[in-house]
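> show me the folded form of this:
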Amino acid sequence: MVFYFKARPEAGDYTIFMGLDKYENEELIKYGFPEDIWFHVDKMSSAHVYVRMHKGQTIDDISEGLLEDCVQLVKANSIQGNKVNSVDVVYTPWSNLKKTASMDVGQVGFHNPKMVRTVKVEKRINEVVNRLNKTKVERKPDLRAEREAVNAAERAERKLQLREKKRKEEMERLEKERQAELRSYKGLMVAENMTSNKDIGSSNKSLQELEEDFM
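Numbering: from 1, shown residues only. Down below sits the predicted model:
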């Protein structure tokens, strides 16, 4: 089971989500999207909360309002963190999550600790948590199928872009050849390289001799 929430409207059209338990978290870790940003209460047990950014956006594009929604949700879904004030919440891109065979179910590390950011949450803001809970939707998604569908769409897009690139390159090549032929033709047609009928008539050479000179 995955729980989905809608971020505050003024932040934009963003979906925040989290797994029901550590086993669902394992699936979210495995089949995440490059646009996903992961949140967790630092040094405490808590839900794994994600926000899915828009295509092309990064962690730097998280607005202050969207960040508050995410950190309040993750604090509210930490048994220990929800009971105390002033907790740290860490967040990082999904691609920075590291999973090894020796780790417990739902446990993660980081490929690059420098990519992990920390924000201090002084207290629970019930207004924020209650608003988010009103948008809560429970689903049983096929995370693997969703990830594979996105992969297939991205591959198709890359193929389309490659075909378009090759088409443009071929058009450019043909245009260069056409321009080169035009320049060559213009060179042959300049006045100093041409012989008029008047020139032929005033010349002592025969037509055959003039043709041989031209060749």
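> could you list the domains of the protein?
2-141, 142-215 (automatic domain parsing).
> pipe those into a markdown table and attach mean pLDDT per row.
Below are the domains of the chain laid out as a markdown table (pLDDT from 0 to 100):
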| stretch | mean pLDDT |
| --- | --- |
| domain 2-141 | 94 |
| domain 142-215 | 71 |
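> packing partners of whichever helix or strand residue 159 is part of?
Assigned by DSSP states H and E, residue 159 belongs to helix 143-188. For helix 143-188, the packing partners by 3 or more C-beta pairs under 8 Å, 6 or more residues apart in numbering; DSSP states H and E come out as helix 22-30. Using the backbone N, CA and C atoms, a C-beta is placed for each residue, glycine as well.
> what angle do the helix it packs on and helix 143-188 make?
In terms of direction (axes from the mean of the first three to the mean of the last three C-alpha atoms, to 10 degrees), helix 22-30 departs from helix 143-188 by 10 degrees.
> buried residues, helix 22-30. List them.
24, 25, 26, 27, 28, 29 (16 or more other C-beta atoms under 10 Å).
> show me what the very next helix or strand once past that helix is packed against.
Remark: after helix 22-30, the chain's next helix or strand is strand 36-41, criterion DSSP H and E. Where contact means 3+ C-beta pairs under 8 Å, 6+ apart, strand 36-41 is packed against strand 49-52, helix 64-76, strand 87-93.
> just those: most buried one?
Ranked by mean neighbour count, these are led by strand 49-52 with a mean of 24 (mean count of other C-beta atoms under 10 Å).
> need the residues that contact it.
Residues outside strand 49-52 that contact it (C-beta atoms under 8 Å, 6 or more residues apart in numbering): 7, 14-18, 28, 32-33, 35-40, 62, 66, 69-70, 73-74, 77, 94.
> just the buried residues out of those, in ChimeraX syntax.
Buried residues among those (16+ other C-beta under 10 Å), as a ChimeraX selection:
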select :7,14,16,17,18,28,32,35,36,37,38,39,40,62,66,69,70,73,74,77,94
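> coming back round to it: minimum distance to residue 117: which of the helices and strands packed on strand 36-41 has it?
Checking the helices and strands packed on strand 36-41 against residue 117 by C-beta to C-beta gives strand 87-93 as the closest, at 5.5 Å.
> residue 141: neighbour count?
Residue 141 has 15 neighbours, counted by other C-beta atoms under 10 Å.
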